[in-house]
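Asks: Following is a predicted model, sequence given first.
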Amino acid sequence: MIFFFDPIYMLLAMLGYALMLTLASTIAPRVASRVSGKFSLFTSMLLLAMLIILISAGTIYTILSFAGYYISIYALIVFLVAVNLLMYLVSPFIINLSYSAKRDEELQMVVNSVARRLNVKPPKAVVVNSPPNAFAYGNILTGRYVAISDSLINMLDRDELEAVIGHEIGHHKHKDNLVMLLFGLLPSVIFYLGYALIHASFRDDRRGMQLAAVGFAAVIISFLVQILVLAFSRLREYYADFEGTRVAGKDAMQRSLAKIHLFYHRYPRYMDVIADSKFRTLFIYAFVNAVAEPITRMDIERLKNAKVSPIQEFLSTHPPIPKRLRFIDSIGVF
């Protein structure tokens, strides 16, 4: 059904990414600056989720109403769900193997303590072999995991480690793996519906132009929805930072993020290891706008005011560190 070397597919993909880059560098920053601070985190997530669902549902309904028998929507949905479900089920095994994950009783004690404070069941604690980072993963078959790299454990103080673990447990608490899996399906469904319509247009002399026009519109909308899904993912990261701050306090959460952030600027060769990983969206750190400064409170304050690249931000699953540090400042006292 899908041919990744199809010139039409490649053309549509390039068109979509060009659209995303244009929006990320022009319209999106202006919109974000106007709405920033006007909504709470929870309200923002709710409104954005509703917007994603409404646009996706409306687009899919319109395409189906127009396309008729040209597209087998059920076959498409079954195919995409099956592929994503398969990745969801096998990814913990791949991660454990790829990163040489090992259970660690000392780390498990820290995870248990943090989980009790967040009033959740403790996930399994594993140490992985990678540059400094942390991530949450798992599924209904393997259970939930919190992975901390051995290098990060050596880098962080106890309260900073608790903050990072709180962030990762927050992802499990909020069911982010499943939520983002479901939301990530929507732009894919819309894109391939549009792709199928464009192909169908070559076989219909009577409605070819109409099918092609609707198909191109669907492709454009799919990339717009993808931008919204990326924005929703960034809000989920703030939500996880909220949990890390609840556990260890604002200062520890900010210091942990700053230490990871500054490490990758001082040793950029390690950045490629994670940036090239197929699981990079799991990681606590997003590679944008690092500065080379020692860790002090004054330096963290300067980092909060560092400039953020709009293109990098809006095409990332994670918020840039300066914005995460400022968000932590805005969290109320518990």
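Replies: Perfect, thanks for sending it.
Asks: wait, what's in contact with residue 229?
Replies: If a contact means Cβ atoms under 8 Å, 6 or more residues apart in numbering, then residue 229 has 52, 180, 183-184, 186-187 as its contacts. Yep, even glycine has a C-beta here, placed from its N, CA and C like the rest.
Asks: Could you pull out the strands in the protein for me?
Replies: 102-103, 124-128, 134-139, 143-149 (DSSP state E).
Asks: Which among those strands is found nearest to residue 83?
Replies: Residue 83 lies closest, by Cβ to Cβ, to one member of the strands of the chain: strand 134-139, at 15.1 Å.
Asks: circling back to that earlier point, most neighbours of all the contacts of residue 229, which one?
Replies: Neighbours here mean other Cβ atoms under 10 Å. Within the contacts of residue 229, the largest count is held by residue 187, at 24 neighbours.
Asks: which intervals of the stretch 151-300 of the chain have sub-threshold pLDDT?
Replies: 268-296 (pLDDT under 70).
Asks: one more time with 50, if that's ok
Replies: Low-confidence segments of the stretch 151-300 of the chain (pLDDT under 50): 286-294.
Asks: Helices of that one, start to end?
Replies: Secondary structure of the stretch 151-300 of the chain, counting by DSSP state H, counting those that start in this stretch: helices at 158-173, 176-201, 208-248, 250-266, 269-275, 297-304.
Asks: and residue 23, which of those is closest to it?
Replies: Across the helices of the stretch 151-300 of the chain, closest to residue 23 is helix 208-248 (Cβ to Cβ), at 6.2 Å.
Asks: okay, the angle between the closest one and helix 250-266?
Replies: Per axes from the mean of the first three to the mean of the last three Cα atoms, to 10 degrees, the angle that helix 208-248 makes with helix 250-266 is 120 degrees.
Asks: Now do helix 208-248 against strand 134-139, angle only.
Replies: Counting by the same axes, to 10 degrees, helix 208-248 points 120 degrees away from the direction of strand 134-139.
Asks: gap between helix 208-248 and the chain center?
Replies: Relative to the centre of its chain, helix 208-248 is centred 9 Å away, using Cα atoms, centre = their mean, to the nearest Å.
Asks: Just send the strands of the chain back as CSV, with distance to residue 301 too.
Replies: Output for the strands of the chain, formatted as CSV (distance: least, Cβ to Cβ, whole Å):
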stretch, distance to residue 301
strand 102-103, 38
strand 124-128, 32
strand 134-139, 24
strand 143-149, 27
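Asks: Turn these into CSV, including mean neighbour count and mean pLDDT.
Replies: Formatted as CSV, the strands of the chain follow (neighbours: other Cβ atoms under 10 Å; pLDDT from 0 to 100):
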stretch, mean neighbour count, mean pLDDT
strand 102-103, 12, 96
strand 124-128, 21, 96
strand 134-139, 22, 94
strand 143-149, 23, 96
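Asks: nearest to residue 26, of the ones you listed?
Replies: Comparing those against residue 26 with Cβ to Cβ, the closest turns out to be strand 134-139 (32.4 Å).
Asks: Counting by contacts, list what that closest one packs against.
Replies: Here strand 134-139 touches helix 73-98, strand 143-149, helix 158-173, helix 176-201, going by 3 or more Cβ pairs under 8 Å, 6 or more residues apart in numbering; DSSP states H and E.
Asks: Turn these into CSV, including distance to residue 112.
Replies: Formatted as CSV, the helices and strands packed on strand 134-139 follow (distance: least, Cβ to Cβ, whole Å):
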stretch, distance to residue 112
helix 73-98, 20
strand 143-149, 11
helix 158-173, 10
helix 176-201, 21
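Asks: Next up, the contacts around the closest residue to residue 238 other than its chain neighbours.
Replies: Distances taken as Cβ to Cβ, 6 or more residues apart in numbering place residue 327 nearest to residue 238, at 5.3 Å, with adjacent residues excluded. Neighbouring residues of residue 327 by Cβ under 8 Å, 6+ apart: 41, 238, 241, 319.
Asks: Look up the closest residue to the last one, ignoring the ones flanking it.
Replies: Nearest residue to residue 319, sequence neighbours excluded (Cβ to Cβ, 6+ apart): residue 234, at 4.6 Å.
Asks: Would you confirm that residue 317 contacts residue 230?
Replies: Yes: assessed by Cβ atoms under 8 Å, residue 317 is found in contact with residue 230 at 6.1 Å.
Asks: Looking at those two, which is more packed in?
Replies: residue 230 (21 against 18).
Asks: ok, that one - contacts?
Replies: With Cβ under 8 Å, 6+ apart, residue 230 has these contacts: 314-317.
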